[in-house]
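A.B. asks: this is a predicted model, with the sequence first.
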Amino acid sequence: MAVIGIVEYETIPTGEYPVQVADIEEEQGQFGPQLKLKLEIVGNGEHAGKTLTAWCGLTGSLKGKLAKWSAALGLVLEPGTDFDTDDLQGRRATAVVVVKTKDDGSEFSKVEELKAPKRKPAPAAAPKPAPAAADGEDPWADE
């Protein structure tokens with residue numbers, strides 16, 4: 001007899017989330033071989049630690065979703081080279097998530113796109129210190 005754990009699916013609201021590739025599996029999909037990526041939401045936000053699932057076709061085309069998502073994950077694919085999908089493991093990106101509605105009215109979160117991670121802006125440069133004055137001289141005096 002099989003024992004099955006029942007889980008409730010939590011919909012992640014539409015938005016952009018920092019994610020890290022937690023797992024990669026190859027599957028046979030409706031339109032051929034595909035990759036199933038488990039993306040863990042990282043950071044300190046409300047949904048940190050939750051997992052999103054995303055699929056992309058397993059094709060060597062540089063115009064395909066796999067090449068675009070790989071680039072977003074920091075791994076640019078080059079023509080004439082081989083690519084090991086395991087190299088995506090642990091890499092980070094920003095997932096663009098949209099809530100969709102099924103025919104039965106239930107909602108689900110769909111990863112529409114992966115983008116390069118948002119970078120924090122560099123801190124503003126500290127103001128330059130006033131020039132050092134020689135003993136008894138006013139550094140601000142006109143010459």
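C.D. replies: Sure, I can see it.
A.B. asks: my read: Trp55 touches Lys36, true?
C.D. replies: Yes - counting by CB atoms under 8 Å, Trp55 touches Lys36, with 5.6 Å between them. C-beta here means a position set from N, CA and C on the backbone, and glycine is covered the same way.
A.B. asks: what is in contact with the two at once?
C.D. replies: Common neighbours of Trp55 and Lys36 (criterion: CB atoms under 8 Å, 6 or more residues apart in numbering): Glu27.
A.B. asks: how far does stretch 63-80 stretch from start to finish?
C.D. replies: Using CA to CA, to the nearest Å, one end of stretch 63-80 lies 15 Å from the other.
A.B. asks: now that stretch: how far from the chain's centre is it?
C.D. replies: How far stretch 63-80 lies from its chain's middle: 13 Å, per CA atoms, centre = their mean, to the nearest Å.
A.B. asks: try stretch 22-31
C.D. replies: On CA atoms, centre = their mean, the centre of stretch 22-31 falls 18 Å from that of its chain.
A.B. asks: where does this protein have low pLDDT?
C.D. replies: Applying pLDDT under 70 to the chain flags residues 7-8, 120-143.
A.B. asks: which residue ranges of it form strands?
C.D. replies: Assigned by DSSP state E, the chain shows strands spanning 15-29, 32-41, 51-57, 92-101, 107-115.
A.B. asks: let me have these in a markdown table, extended by distance to Leu75.
C.D. replies: Converted to a markdown table, these look like this (distance: least, CB to CB, whole Å):
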| stretch | distance to Leu75 |
| --- | --- |
| strand 15-29 | 10 |
| strand 32-41 | 13 |
| strand 51-57 | 13 |
| strand 92-101 | 10 |
| strand 107-115 | 11 |
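A.B. asks: just send these back as CSV, with distance to Leu73 and mean neighbour count too.
C.D. replies: Formatted as CSV, those follow (distance: least, CB to CB, whole Å; neighbours: other CB atoms under 10 Å):
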stretch, distance to Leu73, mean neighbour count
strand 15-29, 7, 15
strand 32-41, 9, 17
strand 51-57, 11, 17
strand 92-101, 5, 17
strand 107-115, 7, 17
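A.B. asks: correct me, but Leu73 touches Leu88?
C.D. replies: Yes - the pair Leu73 / Leu88 is scored as a contact, 5.6 Å apart, by CB under 8 Å.
A.B. asks: between these two, what contacts are shared?
C.D. replies: Val21.
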